[in-house]
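Show me the folded form of this:
(one chain, ligands or ions: 1)
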Amino acid sequence: MDITLVQGDITEQRADALVNAANSSLLGGGGVDGAIHRRGGPEILEECRRLRASTYGAGLPTGQAVATTAGRLPARWVIHTVGPVHSASEDRSHLLASCYRESLRVADTLGAALVAFPAISTGVYRWPIDDAARIALDAVLQATTRVAEVRFVLFDARAYAAFESLL
Ligand code: ADP
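Model prediction:
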């Protein structure tokens, strides 16, 4: 598997699947979630609503992942995963690792070869970027998957530098 790093906006990436750092409601939010729904259009939200009604009435659990159409985005699918809120008192790194692992598992079921990830949980959910980058890279490197390229799309220079120095 190739691991590549890009600094930029994930909604502009051509990929088979774009991963969304969603919240458990699946009904949209701020940050990367807001950008994906804004650029992708209403089709994504409609499918999220259907998933809520059919399967995730209590919300998508933290660490799990589910796919929808990518609407107008330059990708075939969006894989929504719910990162953990960072906690100083409790180690939730297994849940953050699970987001990456489960997203790749879903990508395998779709047959996605190129999957783009944001730095999950490092925005509103306050995970320190250096620690989040280490967990993300470890999880991806340890995953058993047919995905050929994992592309981390880092929004700012600091996040990019954190991933680059570890890689
Ligand atoms: P979370 O709730 O999981 O913390 P956020 O969307 O608040 O999710 O932030 C996750 C990361 O995504 C942050 O590092 C943020 O800077 C970044 N981000 C925000 N918008 C975009 C975007 N359009 N493309 C890529 N990354 C983004």
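
and Ile3, what are its phi and psi?
Dihedral pair for Ile3: phi -120, psi 120, per degrees, to the nearest 10.

I'd say it and Ala139 touch.
No. When contacts are counted by Cβ atoms under 8 Å, Ile3 is not listed as touching Ala139 (11.5 Å). From N, CA and C alone the C-beta is placed, and that goes for glycine too.

more crowded one of the two?
Ala139 (21 against 14; other Cβ atoms under 10 Å).

Let me see the backbone angles for the more buried one.
Dihedral angles for Ala139 - degrees, to the nearest 10 - are phi -60, psi -40.

Also the one 5 residues further on?
For Thr144, the backbone dihedrals are phi -100, psi 110 (criterion: degrees, to the nearest 10).

With the one 5 residues further on instead?
The phi and psi values for Glu149, taken as degrees, to the nearest 10, are phi -140, psi 130.

what does the one 4 residues further on give?
Main-chain torsions, Val153, degrees, to the nearest 10: phi -110, psi 110.

same thing with Ala22?
Dihedral angles (degrees, to the nearest 10) for Ala22: phi -90, psi 170.

In terms of helices and strands, where is the residue nearest to the spatial centre of the chain?
Compute the mean C-alpha point of the chain, and by Cα atoms, centre = their mean the closest residue is Val19, 3.4 Å away. Secondary structure assignment for Val19, by DSSP states H and E: strand 15-22.

Mind listing residues that contact that strand?
10-11, 29, 31-33, 36, 60, 65, 67, 70, 73-83, 103, 106-107, 110-118, 120-121, 123, 125, 151 (Cβ atoms under 8 Å, 6 or more residues apart in numbering).
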